[in-house]
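[1] Give me coordinates for this.
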Amino acid sequence: MKYIFLAALILILAPIYLFASGNQKTNSYKKISQAEAYEMMQENSNIMILDVRTPEEFASGHIKNAINIPNESIGNSIVNELTDKNAAILIYCRSGNRSKQAASKLEKLGYGNIYEFGGINTWKYGIVK
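    All right, here's what the predicted structure looks like:
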């Protein structure tokens, strides 16, 4: 009787466990260092550099060749400026919080080659205005 109960319990709980563990999504975007991001920028001139700060923050200084798409404007639909979901995208903000949020949102939209490298407040490779 004890073994029948255990077998029944396993039969009931196993599918629940498999369903739950199979549906847990972990962040597939990659957190990289600023040195790694800089190296990627130097090696690939076609890499997308995405600044997710406000337009005012962007105008005060940004990384060369970056485009500005504020984190708040990234929602539930494809971002017009980011047409290639397989393109490498480097994402930053001021301190790293909004870039993590934006990376997660883009990941959910199906972008698959995302690199988040924190904030411009610690960027030591130069900015443009």
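
[2] what's near enough to touch the residue nearest in space to the middle of the chain?
    Residue closest to the average C-alpha location in the chain (C-alpha atoms, centre = their mean): residue 103, at 2.0 Å. Residue 103 makes contact with 27, 29, 91, 114, 116, according to C-beta atoms under 8 Å, 6 or more residues apart in numbering. C-beta here means a position set from N, CA and C on the backbone, and glycine is covered the same way.

[3] now the closest residue to residue 64 other than its chain neighbours: how far from residue 47?
    Closest residue to residue 64 apart from its sequence neighbours, by C-beta to C-beta, 6 or more residues apart in numbering: residue 128 at 5.0 Å. According to C-beta to C-beta, to the nearest Å, residue 128 stands 16 Å off from residue 47.

[4] Have a look at these two and say which one is more surrounded.
    Taking neighbours as other C-beta atoms under 10 Å, residue 128 and residue 47 compare with residue 47 leading, 17 against 9.

[5] Leaving out chain neighbours, which residue sits closest to the more buried one?
    Nearest non-adjacent residue to residue 47, counting by C-beta to C-beta, 6+ apart: residue 88, 5.0 Å away.

[6] Repeat that for residue 79.
    residue 69 (6.0 Å).

[7] Likewise for residue 117?
    Using C-beta to C-beta, 6+ apart, the nearest residue to residue 117 is residue 37, at 3.9 Å.

[8] Wait, a helix at the one you found?
    Yes - counting by DSSP: H, G, I helix; E, B strand; the rest coil, residue 37 is located in a helix.

[9] how about it, what does it touch?
    By C-beta under 8 Å, 6+ apart, the contact set of residue 37 is 90, 92, 115, 117.

[10] any chance of these in JSON lines, with pLDDT, distance to residue 80 and secondary structure too?
    Supplementary listing: the contacts of residue 37 in JSON lines, determined by pLDDT from 0 to 100; distance: C-beta to C-beta, whole Å; DSSP: H, G, I helix; E, B strand; the rest coil:
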{"residue": "90", "pLDDT": "98", "distance to residue 80": "19", "secondary structure": "strand"}
{"residue": "92", "pLDDT": "98", "distance to residue 80": "20", "secondary structure": "strand"}
{"residue": "115", "pLDDT": "98", "distance to residue 80": "21", "secondary structure": "strand"}
{"residue": "117", "pLDDT": "98", "distance to residue 80": "23", "secondary structure": "strand"}
